[in-house]
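S.K.: coords below, sequence missing:
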């Protein structure tokens, strides 16, 4: 099968990772990397023996596909001409800054029969994939994604930077429309929100509470899912998955537990997480999620398959993330006394009402 001629656009943190990995995947022929920042581009190309280009137009005729790892602001402008030219694209998350821009890329990809894949890479995390096997009809989900300030992705706030990962994962699990979004957030460094907490309610009754921070002294990436099949907890960093399937005594209801004798209650306490709520923990074998994502991209191009994270799936995650952002911006912190609103907690600008002209 013919190799996919690939370009990586953007030599920032993720662009460098994509280029290094793509170079080692036999399905790809890495034609070169594109970045207008000459010094950074040339240093990277020299180190990895790659060709570098200032603009994608210089290389467009030589490639079949591209990985777009530019700042989000440029995703649409870079992807648009590539899709128009019939090139397949893998765009880092979020797909774009607006749903209108996302719709335009989705329509173009469909029109030209191009693969449009989006880099919600946690879908390829081996621990998440293992956890999915133990989830059935999610009822309540808790997620937390926190880190220190890395100075990456500062063109967007923490909602589009970090939380959108978990929004995408939750949407893939629940498969029901979001009907209510509540959120609060804080700006630490600015100009965007750096800490956000949200509560999402779905049409099927499921509720998800998500926390994201890029101003935290603790780094964590974990999620807990309570479903009809039991409890599953996944640590995305350590790749550990905890699961609990309740014993019959719990399934019968709390009233049955209350009717137990003193000896029975003592037995439940002593065997709570061994028999009554048996907890199993497994450490999933390591795997490089970005490598898996790239390999799927090549496979979709060569075999005409549908990617795990389509443009439409990424658009849906973006739509919810923008609703979260809107709720963050509208949150009032003082009940209207001083009109402190949004993540900066600054007074809301007073509206100027034009005076009516005398008759």
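M.R.: Yep, that arrived. Keep in mind it's a predicted model, so treat the numbers as computed, not measured. Numbers count the residues shown, from 1 in each chain.
S.K.: residues contacting residue 163?
M.R.: Counting by C-beta atoms under 8 Å, 6 or more residues apart in numbering, residue 163 makes contact with 145, 196, 198, 210, 212, 321, 324. Where you see a C-beta, it was placed from the backbone N, CA and C, and this is true even at glycine.
S.K.: Out of those residues, which comes closest to residue 245?
M.R.: residue 210 (25.0 Å; C-beta to C-beta).
S.K.: Assign a three-state SS to that closest one, would you?
M.R.: What DSSP: H, G, I helix; E, B strand; the rest coil gives for residue 210 is strand.
S.K.: next one: phi and psi at the nearest residue to it once chain neighbours are set aside?
M.R.: Nearest residue to residue 210, sequence neighbours excluded (C-beta to C-beta, 6 or more residues apart in numbering): residue 143, at 4.5 Å. As for residue 143, its main-chain torsions (degrees, to the nearest 10) stand at phi -140, psi 140.
S.K.: Okay, and which of the contacts of residue 163 map to helices?
M.R.: The helices, defined by DSSP state H, take in 321, 324 from those.
S.K.: what's the closest of the contacts of residue 163 to residue 333?
M.R.: Nearest to residue 333 among the contacts of residue 163, counting by C-beta to C-beta, is residue 196 at 14.4 Å.
S.K.: So for the closest one, what's the pLDDT?
M.R.: Predicted confidence (pLDDT) for residue 196: 97.
S.K.: if I look at it, how far off is residue 225?
M.R.: 20 Å (C-beta to C-beta, to the nearest Å).
S.K.: before we move on, what about residue 167?
M.R.: 14 Å.
S.K.: do residue 75 as well
M.R.: The value you get for residue 75 to residue 225, if C-beta to C-beta is used, is 30 Å.
S.K.: Number of residues surrounding the nearest residue to residue 141 once chain neighbours are set aside?
M.R.: Distances taken as C-beta to C-beta, 6+ apart put residue 208 closest to residue 141, at 4.0 Å, once the chain neighbours are dropped. Look at residue 208: counted by other C-beta atoms under 10 Å, it has 25 neighbours.
S.K.: Domain map for the protein?
M.R.: 4-121+289-308, 124-283 (automatic domain parsing).
S.K.: Tell me which of those domains sits most buried.
M.R.: domain 4-121+289-308 (a mean of 19; mean count of other C-beta atoms under 10 Å).
S.K.: how far is that domain from where the chain is centred?
M.R.: Computed by C-alpha atoms, centre = their mean, to the nearest Å, the chain-centroid distance of domain 4-121+289-308 equals 18 Å.
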